[in-house]
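Peer 1: based on what follows, work out the 3D shape:
(one chain, ligands or ions: 1)
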Amino acid sequence: MAKAQYQEYCVSKYTVALRENFGSAKVYAHNAQSVLNKATGFISAYDFTLNPYRGCQYGCSYCYAAAFSPNSQMRADWGNWVIIKQNAGEVLKKELQSWYNKNPNRAPSIYMSSVTDPYQPIESKQQLTRHLLEVMLVYQPTLVIQTRSPMITRDIDILQNFNRLRINMSIPTGSEKVRKDFEPKAPSIVARLKAISKLRYSIPYRENCQVKFSVTLTPLLPTLPEDETNFIGKLEVIDRVVIQEFHASNARSLVASTRTEALALKQKYAWWYDREKESYQNFKNKLIAMLPDVEVMEGKEGFGYE
Ligand code: SF4
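Peer 2: Numbering: from 1, shown residues only. Have a look, this model is predicted:
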């Protein structure tokens, strides 16, 4: 199959329609052959990953997913383009049906999403993630949703009907100043904390159903000393905190690694990164001391559903 080309990122004739711009992002659409992809690496405990979009408008400085861009220009312009998998709903339905034909007694486990944010700004208009939730609800997979967007609260009416659901809200720092440096296009920390609290208290308890809530600090970014106590205290509402050190830098362009933007920013926070292991351990100790009813997990283990 011919490799898709994207207008403005390719000198040759492009084959994928440019729909429109959304905010500062160039928006493309394509038909996906498959949307359930075998989960590997950090999330290999799941059967599948599910990414409604390719690319991510949040463009976080440390995002390893940029490495999986369609070409080098798009990798360099990470955060400024997004591709909508416009047929994702119908493909997902077929793939889930096929799974159950082969595994009638076992629900699949799905991690949404591994290389995009399913609630990035364009979702407010496209509602593609919402549609995928509607499709999945019929099949009741074990589902983990990873996002940093308060927009997820829009879908409480659907989320509350899943039987096995974990919602991971990504909040890697408790300091707005640090957030603005490392992920300037992402929602504020206050908005994310309010969102996870709203989810926690809006989704009613149902017998034999397990809806769980995590905050992921991955990678763990510095939190200014004056913000620490207040931030950690706000995490009481959830059942799990996940922390993880920065991905190691890797010079090879096609593997997941921390991008140079983030590595440069680390210099600005030398008070934390000059003794990174010690800073990490101190913060972990504070989490454990202040959150006796919340499990504090690290890395791969923390990303599991259970
Ligand atoms: S929200 Fe997630 S996928 Fe999107 S740029 Fe940030 S780290 Fe990457």
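
Peer 1: measure stretch 110-127 end to end?
Peer 2: Stretch 110-127 has an end-to-end distance of 19 Å (criterion: C-alpha to C-alpha, to the nearest Å).

Peer 1: is any residue of that stretch near the ligand?
Peer 2: Yes - if you take C-beta under 6 Å from any ligand atom as the test, stretch 110-127 does meet the ligand, through 116-117. Any C-beta I mention is one placed from the backbone N, CA and C, and that applies to glycine too.

Peer 1: again with stretch 60-79
Peer 2: Yes - under the criterion of C-beta under 6 Å from any ligand atom, the ligand is reached by stretch 60-79 at 60, 63, 65.

Peer 1: can you pull the contacts of the last one?
Peer 2: So the one you mean is residue 65. 56, 78, 114-116, 256 (C-beta atoms under 8 Å, 6 or more residues apart in numbering).

Peer 1: do the first one as well
Peer 2: Contact criterion C-beta under 8 Å, 6+ apart gives 79, 182-183, 185-186, 262 as the residues in contact with residue 60.

Peer 1: now those in JSON lines, please, with extra columns for neighbour count, distance to residue 303 and secondary structure.
Peer 2: Shown next, in JSON lines, are the contacts of residue 60 (neighbours: other C-beta atoms under 10 Å; distance: C-beta to C-beta, whole Å; DSSP: H, G, I helix; E, B strand; the rest coil):
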{"residue": "79", "neighbour count": "21", "distance to residue 303": "23", "secondary structure": "coil"}
{"residue": "182", "neighbour count": "22", "distance to residue 303": "20", "secondary structure": "helix"}
{"residue": "183", "neighbour count": "22", "distance to residue 303": "19", "secondary structure": "coil"}
{"residue": "185", "neighbour count": "18", "distance to residue 303": "24", "secondary structure": "coil"}
{"residue": "186", "neighbour count": "23", "distance to residue 303": "19", "secondary structure": "coil"}
{"residue": "262", "neighbour count": "22", "distance to residue 303": "20", "secondary structure": "helix"}
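
Peer 1: residues from the stretch 101-250 of the chain in reach of the ligand?
Peer 2: So the stretch 101-250 of the chain meets the ligand at 116-117, 148 (C-beta under 6 Å from any ligand atom).

Peer 1: same thing but at 8 Å, please
Peer 2: Taking C-beta under 8 Å from any ligand atom as the contact definition, the stretch 101-250 of the chain meets the ligand at 113, 115-117, 120, 146-148, 170, 183, 186.
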